[in-house]
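> what would the 3D arrangement of this be:
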Amino acid sequence: MDSGIIVAVSVFTPLTLALLGTLYRLGSIMGRIDEKLGDHERRLDDLENRLPHSRRPATGSL
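Next comes the predicted model:
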């Protein structure tokens, strides 16, 4: 094999693996954030449903 190919493979393989690992970690973090936001949204919906209807803020046009 040509030495240029060996150098290219030896440089790009670790960089590609590092990039894939970083993307995996980023996706995992984003998934956890999405779960937390969904949990907070469910809790807020539960609290809003427990409030008396007279205390809910008015919605719609003024």
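> chain center to the host helix or strand of residue 13: distance?
Applying DSSP states H and E as the criterion places residue 13 in helix 3-50. Helix 3-50 sits 6 Å away from the centroid of its parent chain (CA atoms, centre = their mean, to the nearest Å).
> tell me how many other residues surround residue 44.
10 (other CB atoms under 10 Å). (Glycine included, C-beta is placed from N, CA and C.)
> let me know the pLDDT of it.
For residue 44, the pLDDT comes out at 93.
> cool, and residue 61?
pLDDT at residue 61 comes out at 64.
> so, low pLDDT: which residues of this protein?
Flagging of the chain using pLDDT under 70 yields the residue ranges 53-58, 60-62.
> dead centre of this protein: give me the residue that sits there.
Nearest to the mean C-alpha position of the chain, by CA atoms, centre = their mean, lies residue 30 at 1.8 Å.
> next, work out how far apart that residue and residue 5 are.
36 Å (CB to CB, to the nearest Å).
> over to residue 24?
28 Å.
> please apply the same query to residue 51.
68 Å.
> under a three-state scheme, what state does residue 59 occupy?
coil (DSSP: H, G, I helix; E, B strand; the rest coil).
> what number of residues lie near it?
5.
> list the residues that contact it.
Listed by CB atoms under 8 Å, 6 or more residues apart in numbering, residue 59 has no contact partners.
> ok, the residue nearest to the centre of the chain to residue 23 distance?
10 Å.
> ok, residue 29 - how many residues close by?
Other residues near residue 29 come to 10 when the count uses other CB under 10 Å.
> same question, the one 3 residues further on
With neighbours defined by other CB under 10 Å, the count for residue 32 comes to 10.
> again, but for residue 12
11.
> any idea how far residue 51 is from the residue nearest to the centre of the chain?
32 Å.
> equivalent analysis for residue 2, please.
In terms of CB to CB, residue 2 sits 73 Å off from residue 51.
> of the two, who's got more company?
residue 51 (10 against 7).
> and that one, how close does it get to residue 44?
11 Å.
> same question for residue 5.
Relative to residue 44, and taking CB to CB, residue 5 is found at 57 Å.
> check residue 2 too.
Relative to residue 44, and taking CB to CB, residue 2 is found at 62 Å.
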